[in-house]
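Engineer: starting from these lines, generate the structure:
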Amino acid sequence: MKKLNKTLLIICLGLGIIYGSKADANNILGGEITWNQVGKDTFMITLTLYRDCNGNAFGNQQVLVKCQSTGITLDTLIFSAVSGVDITPVCKTSCSRCDSSSCSFIYGIQKYEYKQMLIIQNAGSCCKILLAYSQCCRPSTITTGPASTNFYIDSWFNRCLDKPDNSPVFMNAPVHILCIGLDFQWAPGINENDRDSVSLSYSYNNGPRINSTTKVTYISPYTYEKFIYFWGFPNTSLPFPRGFDLDLKTGEYGFRTMKLEQTVTAYNVEQWRKINGNYEQISSTTRETHFFVVKCPSNVSYLGLSGPKYKEVCEGDTVIFSIGSIDYTYKDSLKIYYNGEIEDALWSDNNGFTKIPTGNFKWGTKIGDASRLPYYFTGTAKSSSCDLLTSTTRVYQIIVKKKPSPPAFHDTLLYCNEIKLEAITPLPYHTYYWEIGDNPSVKLSGSKISYLTPKSGHIPVSLYSLYNGCKSDIIRDTVSIDTFMMLNKLTNDTICINDSLIVRANVKYNKGKVSYQWSTQDSLQQIMIKPGQTTTYKLTVVDSFGCRSIDSFIVSVKPLPDLMPHPDFSICSGDSVWLSALSAGNGSFDLDVIPCFYKLPDPNPLQCGYFHMQRKDSGDYVIKVTSKYGCVALDTFKLSLYPEVKAFAADTTLCPNETIILQADSTGSKSDSTIYLWYDYLTGDLIGNGQSITAKADINKVFRLYAAEWFNDRYCKDSSLVTLNRKNTLIDPRFPESFCINDSFTDLRIFIKHGKGLLYALHNSVIDSYYYNPAISNMFNDSIQITFTDFSTACTYDSLLIFSKKEIPAVYISNQYFKSSFCPEYGKIKLYGNPFSPKYSKWYGPVDDSSFFDANTSTGIYTLVYEYKANNGCLNRDTLIISIGKTAISIDKSDTAICSGKHFSAKANVAFAQKMQWIYGLGSDGFMNGSIYNVQNTYVPGAGEKLKRGFMLYAKTIDPVCPETWDSIKVYIAAQPKADFSADMLTGNTPLNVQFRDQTNIAYDYISDYLWNFGDGDTSSAINPLHLYADTGHYSVSLKVVSDYGCADSLTKNNLIYVYPVAIPELVKTNFKVYPNPSHDKIFIESEIGLQKISLYNITGKIIFESDETGSHTAELTGLHLSDGLYLLKITDLENNTGIFHLGFQ
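Structural biologist: Modelled structure (predicted):
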């Protein structure tokens, strides 16, 4: 699949909402009032306004200064006119309405910034100062309700604070031109540079106002919280991009626009400060925001910044923010910046190396940077494109927490070796951590702890505190402990069952007499114990000073090895028997058990470490088994012998096919209880039983003779080999396998190469006993009975010879590799001509004397011929064609992309190699449907490759000699679109204009082609077409979309559009109104002159309904329950004016 290329005409911005006429009002789009305190009761006031350039330019402005609590006006600030700055987001080469009223782009936005110094006088005890601005008017083009209403904003601050306060700074403009159908995410970009606020909060519930107390009115279904028609409207809680995603902690919001409209909203930014332990609001700023929702070209996108907005860090530590940029189309290049608010911070980014860059903010705080007020910095993303939003700014906040002071402590010796440690002046909400001793150390927590030290001397102690997630420096010291009575550690021990153990307690540094108290109720320093099972013992010692020490130990009691009693043995003389040390429990001991075998009276063991040994001498034996714990088990048994059994018979030599009786010697007790068995040595088959057997010398034979005698429930036995040799003749006949059918007489004696003897042949084709003529019989072969008498051995041999008769011998060529295509690396290739005879065979072609063909030659095709002449004179030839070339493999790359969910057809061409193999790319989780050695195959991508949007395939040649060659292909997995669309009108009277909107979903890539079929014979390739239905009827609408990689999907919505006729009066002498038309069962009638009579007819003229009216100007026909179809309505007023209407019922 080749990627579909299409040249796109990118325009800066399409037309959106059309203005009816230029408004006379000022057309205020938004604004805010901010302040900067420069001295006691001295403030620089900034009024920022945003103007729609389709209205009048701004002139002088004024702001009222009031006491918020009393409403008394303290001052009026007069601002002189300033020039506006065009901030319309248009291309550099385009114009806006701020440039010219004739500009084709119908929008223009200007920013006006007025500044005036305010010196507050005569405010008295009034702390909260209100700044208020009011002016006419908002634009008349607002579609959600507040059109042409008075514009009002205000702010207030607290002049009585100990620390001066400045208002937040807004980094992003409050006027937005949004594209319908695209996701929009926005942050106010508020920076609180003077860090005088513990936190900022946002509220959207006040809404825009026309004065200090009155809010604007939205038309239904819009409200203050739902001021714009978003995807999922009116449900704000749906997951983004549906719903209205609002964060009241940051003021950020996001939604997807779904309607062409103009709207406004307002929000308050509130500053809070902790005063006397309580959080108090210290200021509020109202900002109004304006939205234009318009149609946009396909290159428009929105920008954003990602990553955490808030972090906490302890002073002296380093804080890092990883900030990413967001461009929802991924078509333009962005740059990301840090605006330098924190002096010591470091900033790095990868601007210029990627279209969607990232930045890294790093600040190493110092001791003394801690503050309950946050630090602020801002980041900005800017686009290189001509999008509507070419930049966005986001504010980030850092809280630097105080590192606790290093705590001090003191120690107290409580009793003997018990010490008390206590932090001096512990602070609330602080956690204290102790580490005492070394090798090993003990870790405890708490402001006060008690600890029993196991030794005297200088004991190291360290302490630190933890508060609010921050750790203090560690304080290290030592505590001196005088010597005290110490009990040497009692060690655990292991003994065998029935053994005893002596345990002695040893103490040191005791003061005076020591008393001992064992858990066995003994009170001596040394005791003897004999536990019957594993037991824990406890000892308490106390000296005269009262110091006490306690210890315990465990004595593990192990059982003796469970040695199985060994039986006595009686064995045959010369036999051996296996002696085994076995467990009575499970048959075998663990490897940590050591067995030893003894033969009495020798005290030295015959063998140790192995559980089995082989013995064949009689006597008394002992097995000793020792466990890993030293526990021993013993057993004694006897081994006895029985008289010997010996198997023997003499070897012999015979002529071929002679017979003889083989006789075994008597053995054992030489009684009838002795058994003799004869076996074929090679096959193992039983030949016979008894002391003798009859054997024939047809070949050389070897027998195995078994002799056995039953004794004491088993056999004593022996075996030996007995050889029967056949005499070998010196005669070496070498008869040919075949003859040409027309050969003459052949003397068969010429084929006797060695030895002397007599030959006699019997066959109708044999004359005088040895002259053979193959032409006598017409059979394909002759079977001839031949008898040889060997003079050297006096043995006679019979043989049946079969001579085949063929006119032409079978000849064929092969080579050592059994193939005909080779690469030069094969070098010399061994050729085989069959049958082969150095005398009667011959090669034609590039073959050397040793029947080798050298493949290391020029590439091409070579013809080799092998000629064979049999001993009988019959001649034949065979031909072998050999191709020489270089190894190569190539993958068919005519298709390098597939649609998601489809399989990839893999094809490869292989030359001069035995076979090929497909190799999966690194990290592949797909598979081939067929064998990986098939040149044509089908690859099924895995789930991981679908996520990565592609995969790699490799192919290589496989040959035992030729060099390996490779080829590869990278396949892109294109997104599969899911077609969907909507229409703004589904029913209406003719002519009906319907706006269709594409709602196709594609995970990535983009849609390159659209094909609409409106059901009335018309089609369109526009993205969101506007179609006119001129005729009545039901219409099915379909949409087919194709991505840039040719992945297509279609959707048809049957009978989606219904166009019905309009009632047309045939005779009208006065004004009648009839609606709705068509109707289900209810009709409304209005008349300027009083009504006299109403009649309803079906299409055949039959009266369905008739009513005499009383002069009313309105009438309502209900409950008619009419069948679907066309009807006539006749209306007569009091002046006998008549109107007739066509009505449709459905």
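Engineer: against Tyr114, how distant is the closest residue to Val38 other than its chain neighbours?
Structural biologist: Nearest in space to Val38, with sequence neighbours left out and distances taken as C-beta to C-beta, 6 or more residues apart in numbering, is Met44 at 5.7 Å. Using the backbone N, CA and C atoms, a C-beta is placed for each residue, glycine as well. According to C-beta to C-beta, to the nearest Å, Met44 stands 11 Å off from Tyr114.
Engineer: what's the answer for Gly942, then?
Structural biologist: The span separating Gly942 from Tyr114 equals 63 Å under the rule C-beta to C-beta.
Engineer: the more surrounded of the two?
Structural biologist: Tyr114 (23 against 16; other C-beta atoms under 10 Å).
Engineer: nearest residue to that one other than its sequence neighbours?
Structural biologist: Nearest non-adjacent residue to Tyr114, counting by C-beta to C-beta, 6+ apart: Phe79, 3.7 Å away.
Engineer: give me every residue that touches that neighbour.
Structural biologist: Residues near Phe79 by C-beta atoms under 8 Å, 6 or more residues apart in numbering: Leu47, Asn60, Gln61, Gln62, Val63, Tyr114, Lys115, Gln116.
Engineer: just give me how far the host helix or strand of the first one sits from the chain centre.
Structural biologist: With the criterion set as DSSP states H and E, the secondary-structure element containing Leu47 is strand 42-52. Here the centre of strand 42-52 is set off from its chain's centre by 53 Å, with C-alpha atoms, centre = their mean, to the nearest Å.
Engineer: and it, which residues are buried?
Structural biologist: In terms of neighbour count (16 or more other C-beta atoms under 10 Å), strand 42-52 has its buried residues at Phe43, Ile45, Thr46, Leu47, Thr48, Leu49, Tyr50, Arg51, Asp52.
Engineer: could you give me the average pLDDT of it?
Structural biologist: If you average the pLDDT over strand 42-52, you get 95.
Engineer: who are the packing partners of that strand?
Structural biologist: strand 28-39, strand 61-67, strand 109-119 (3 or more C-beta pairs under 8 Å, 6 or more residues apart in numbering; DSSP states H and E).
Engineer: sheet partners, orientation included, of it?
Structural biologist: Strand pairing for strand 42-52, using DSSP bridges, gives strand 28-39 (antiparallel), strand 109-119 (antiparallel).
Engineer: to Phe230, which of those lies closest?
Structural biologist: strand 28-39 (19.4 Å; C-beta to C-beta).
Engineer: that closest one: how far from the chain's middle?
Structural biologist: Relative to the centre of its chain, strand 28-39 is centred 51 Å away, using C-alpha atoms, centre = their mean.
Engineer: next: stretch 428-440.
Structural biologist: Distance of stretch 428-440 from the chain centroid (C-alpha atoms, centre = their mean) equals 43 Å.
Engineer: hmm, back to that, highest average neighbour count across the helices and strands packed on strand 42-52?
Structural biologist: The highest mean neighbour count among the helices and strands packed on strand 42-52, using mean count of other C-beta atoms under 10 Å, belongs to strand 28-39: a mean of 22.
Engineer: what about Ile367, neighbour count?
Structural biologist: Other residues within reach of Ile367, judged by other C-beta under 10 Å, total 10.
Engineer: I meant Ser837, not that one.
Structural biologist: Ser837 has 12 neighbours, counted by other C-beta under 10 Å.
Engineer: over to Asp980?
Structural biologist: 15.
Engineer: need the contact list for it.
Structural biologist: Contact partners of Asp980, counting by C-beta under 8 Å, 6+ apart, are Asp998, Gln999, Thr1000, Asn1001, Leu1039, Leu1051.
Engineer: which among those residues end up buried?
Structural biologist: Among those, the ones that count as buried by 16+ other C-beta under 10 Å are Asp998, Thr1000, Leu1039.
Engineer: and the pLDDT at the last one?
Structural biologist: With respect to pLDDT, Leu1039 scores 96.
Engineer: begin at 43 from here
Structural biologist: OK, 43 is where the count begins now, so the last one is Leu1081.
Engineer: strands paired with the helix or strand encompassing it, and their directions?
Structural biologist: Element membership of Leu1081 [criterion: DSSP H and E] is strand 1075-1085. Sheet pairing of strand 1075-1085 (DSSP bridges) gives strand 1049-1055 (antiparallel), strand 1090-1102 (antiparallel).
Engineer: which of those strands comes out lowest on mean pLDDT?
Structural biologist: The weakest mean pLDDT among these belongs to strand 1090-1102, with a mean of 91.
Engineer: may I see the buried residues of stretch 399-410?
Structural biologist: For stretch 399-410, by 16+ other C-beta under 10 Å, it's Pro399, Thr400, Gly401, Phe403, Trp405, Thr407.
Engineer: what of stretch 987-1004?
Structural biologist: Neighbour counts over stretch 987-1004 (16+ other C-beta under 10 Å) mark 987-988, 991-993, 995-999, 1001, 1003-1004 as buried.
Engineer: quick revisit: for the strands paired with strand 1075-1085, which one sits closest to Thr921?
Structural biologist: Each of these was scored for nearness to Thr921 using C-beta to C-beta, and the closest is strand 1090-1102 (56.2 Å).
Engineer: what's in contact with the closest one?
Structural biologist: Strand 1090-1102 is contacted by residues 1018-1023, 1025, 1027-1032, 1034, 1036, 1042, 1056-1057, 1071, 1073-1084, 1119-1120, 1186, 1188 when judged by C-beta under 8 Å, 6+ apart.
Engineer: now do stretch 577-586
Structural biologist: With contacts defined as C-beta under 8 Å, 6+ apart, stretch 577-586 is touched by 527, 529, 532, 545, 547, 549, 552-562, 571, 590-597, 599.
Engineer: narrow these to those in strands?
Structural biologist: Among the contacts of stretch 577-586, the residues falling in strands (DSSP state E) are 529, 545, 549, 556-560, 571, 590-597, 599.
Engineer: just the buried ones from these, in PyMOL syntax?
Structural biologist: To isolate in PyMOL the members of these that are buried, counting by 16+ other C-beta under 10 Å, one can use:
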select buried, resi 529+545+549+556+558+560+571+591+597+599
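Engineer: ranges for the strands of the stretch 143-292 of the chain?
Structural biologist: For the stretch 143-292 of the chain, applying DSSP state E, counting those that start in this stretch gives strands covering 151-161, 170-177, 193-200, 211-212, 217-221, 225-228, 232-233, 241-245, 287-288.
Engineer: quick one, the longest one and strand 103-109 angle?
Structural biologist: With axes from the mean of the first three to the mean of the last three C-alpha atoms, to 10 degrees defining the directions, strand 151-161 sits at 40 degrees from strand 103-109.
Engineer: now the angle between strand 217-221 and strand 151-161, please.
Structural biologist: Strand 151-161 runs at 160 degrees relative to strand 217-221, counting by the same axes, to 10 degrees.
Engineer: same question for the third one.
Structural biologist: Put simply, strand 193-200 runs at 130 degrees to strand 217-221, going by the same axes, to 10 degrees.
Engineer: show me where the stretch 943-1092 of the chain has its strands.
Structural biologist: For the stretch 943-1092 of the chain, the strands defined by DSSP E, counting those that start in this stretch occupy 946-953, 957-962, 969-970, 978-982, 992-1000, 1008-1016, 1023-1025, 1029-1031, 1034-1040, 1049-1055, 1061-1062, 1068-1071, 1075-1085, 1090-1102.
Engineer: thank you kindly, that will do.
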